[in-house]
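Return a 3D structure for these sequence lines:
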Amino acid sequence: MNIRSTLQTLNLEVQDVLHNNILSFWLKMQDKEHGGYYGQMRGDGTLVKNANKGGILNARILWSFSSAYRVTKRQEYLDAATVARDYILNHFVDKVYGGTYWELDCNGNPLDTKKQFYALGFMVYGFAEYFRATGDEESLRTALKLYDDIEAHSFDKAQNGYIEACTREFGVIADMRLSDLDANYPKSQNTHLHIMEPYTNLYRALIERQMDGYDDYRKRIETSLRNLIDIFCNTILNPITHHLDLFFNMDWTRGVDGAESYGHDIECSWLLHEAALVIGDKELIAKVEPIVRLVASASEKGLNADGSMTHEANPVTNYIDADRHWWVQAETVVGFMNIYQHFNDEKALSVALRCWEYIKHNLVDRELGEWYWSRDPERNINRTDDHAGFWKCPYHNSRMCLELIERTSRLLP
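Numbering: from 1, shown residues only. Okay, the predicted model is just below:
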């Protein structure tokens, strides 16, 4: 393999998919009548103009266009990011109790007002990225206020970690599930992962610009981030299998589910590494890097002969979801590229490249734009799940492209 030539080709290919397949699609999803972005396009391509608008979708749109503008400086991406930023500030932010709503109707009115901290984390992620891209201090202040909300109402001061959800007023809520597919536990790997991820971005935003008056926040966020890294390394990581266990009780006893999520394993491997690298503490990096490699290696259990990654499996019940979900493939490419970049592991590069070949030929929708939700092992396209919607967002795939653009640029002399 001519690695230089391969990386150059990869860089050009992901730029093409980013601009001409993913973001071009989402630019057309702007809701000119009600503001913001449409909430749904079905798997068959039907646009649902009166669909409800989810907080996660809108936060991820904000992150995606902000990051794309930061990397490429294309004005249309800044304009699109600003549409998302303004809509969130005007409609999703709860100006009475703090935090952000879970769901709005198509007109921007609050529909589900619970505070799901996974969603607040993505709001932090998006506003921090808009600040990184533009220097907009209102976005920074919003991200910091949401950080405060998470720390005040989600952080478990008695037993550590973060709970899943509260009522609008930050009271106790019986059903903490992130989705109907999740078990109802008060703590989860998924929410901790997507609190660590935005805290990393917020901390990076503060140290990049070194603005006066934010020293206390820098120190507090670093403390929070170090604690999250410790939770992953010493509690969420299964010491026997090196997979990430998924659900936990308040006292951190493990849920009985036993499922293995290969997409979350490989995603966590690089996000955990990123968190340590952004802090920049050599001792912390030395502690984290062996775990990064163990988790990435454990995820290889889900690799398929066609280069793709299986979604998840449960060795206790013999259940396997063998569908090739779009987000799992995107994280597989980034995770193994990260292993190659930092550990010079050419086998990991081959895994990333083979998965990218699978994505190109099986998931990129050349007609509608964006990617299919998934294909099954026989390569039948999933048209039942959304093409765009509450959970189908320009985040995993646009981030994969942006990560590869930046990483291959650094690797090429």
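
which element is the residue nearest to Y340 when sequence neighbours are not counted on?
Leaving aside its chain neighbours, Y340 sits nearest to L349 (3.9 Å; criterion: CB to CB, 6 or more residues apart in numbering). C-beta: built from backbone N, CA, C; applies to glycine. Secondary-structure element containing L349, defined by DSSP states H and E: helix 346-362.

Packing partners of that helix?
helix 3-17, helix 326-343 (3 or more CB pairs under 8 Å, 6 or more residues apart in numbering; DSSP states H and E).

Please identify the most buried of the ones you listed.
Of these, the one with the most neighbours on average (mean count of other CB atoms under 10 Å) is helix 326-343, at a mean of 24.

what about A128, is that helix, strand or coil?
helix (DSSP: H, G, I helix; E, B strand; the rest coil).

Quickly find the element holding the residue nearest to C233 when sequence neighbours are not counted.
Using CB to CB, 6+ apart and skipping the chain neighbours, the partner closest in space to C233 is I291 (5.4 Å). Here I291 sits within helix 282-299, counting by DSSP H and E.

For the residue nearest to Y340, give its distance to R132.
In this view, L349 and R132 are 28 Å apart by CB to CB, to the nearest Å.

what does R70 give?
For R70, the distance to R132 - CB to CB - is 6 Å.

Have a look at those two and say which one is more surrounded.
Neighbour count, other CB atoms under 10 Å: between R70 and R132, R132 has more, with 22 against 19.

I'd like the helices and strands packed on helix 346-362 written out as CSV, with mean pLDDT and distance to G263 added.
Rendered in CSV, the data for those read as follows (pLDDT from 0 to 100; distance: least, CB to CB, whole Å):
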stretch, mean pLDDT, distance to G263
helix 3-17, 97, 19
helix 326-343, 98, 3
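
so which of these comes closest to L412?
Closest approach to L412 among the helices and strands packed on helix 346-362 is made by helix 3-17 (5.7 Å; CB to CB).

Also compute the angle for the closest one relative to helix 326-343, please.
150 degrees (axes from the mean of the first three to the mean of the last three CA atoms, to 10 degrees).

Show me what the very next helix or strand once past helix 3-17 is packed against.
Using DSSP H and E, the helix or strand that follows helix 3-17 in sequence is helix 23-27. Under the contact criterion of 3+ CB pairs under 8 Å, 6+ apart, helix 23-27 touches helix 55-72, helix 75-87.

winner for burial among those helices?
Most buried among these, counting by mean count of other CB under 10 Å: helix 55-72, with a mean of 26.

Quick one: distance of it to the chain centre.
11 Å (CA atoms, centre = their mean, to the nearest Å).

Could you tell me the angle between that helix and helix 3-17?
130 degrees.

With just CA atoms, put helix 55-72 into PDB.
The C-alpha coordinates for helix 55-72 follow below in PDB (Å, rounded to 0.1, in the frame of the first residue of the first chain):
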ATOM      1  CA  GLY A  55     -33.400  18.800  20.300                       C
ATOM      2  CA  ILE A  56     -30.800  16.300  19.400                       C
ATOM      3  CA  LEU A  57     -31.300  16.800  15.700                       C
ATOM      4  CA  ASN A  58     -31.000  20.600  16.000                       C
ATOM      5  CA  ALA A  59     -28.000  20.500  18.200                       C
ATOM      6  CA  ARG A  60     -26.200  18.200  15.800                       C
ATOM      7  CA  ILE A  61     -27.100  20.400  12.900                       C
ATOM      8  CA  LEU A  62     -25.600  23.300  14.800                       C
ATOM      9  CA  TRP A  63     -22.400  21.300  15.500                       C
ATOM     10  CA  SER A  64     -22.100  20.000  11.900                       C
ATOM     11  CA  PHE A  65     -22.400  23.300  10.100                       C
ATOM     12  CA  SER A  66     -20.300  25.100  12.700                       C
ATOM     13  CA  SER A  67     -17.500  22.600  12.400                       C
ATOM     14  CA  ALA A  68     -17.700  22.500   8.600                       C
ATOM     15  CA  TYR A  69     -17.400  26.300   8.500                       C
ATOM     16  CA  ARG A  70     -14.400  26.200  10.900                       C
ATOM     17  CA  VAL A  71     -12.600  23.700   8.700                       C
ATOM     18  CA  THR A  72     -13.600  24.900   5.200                       C
END
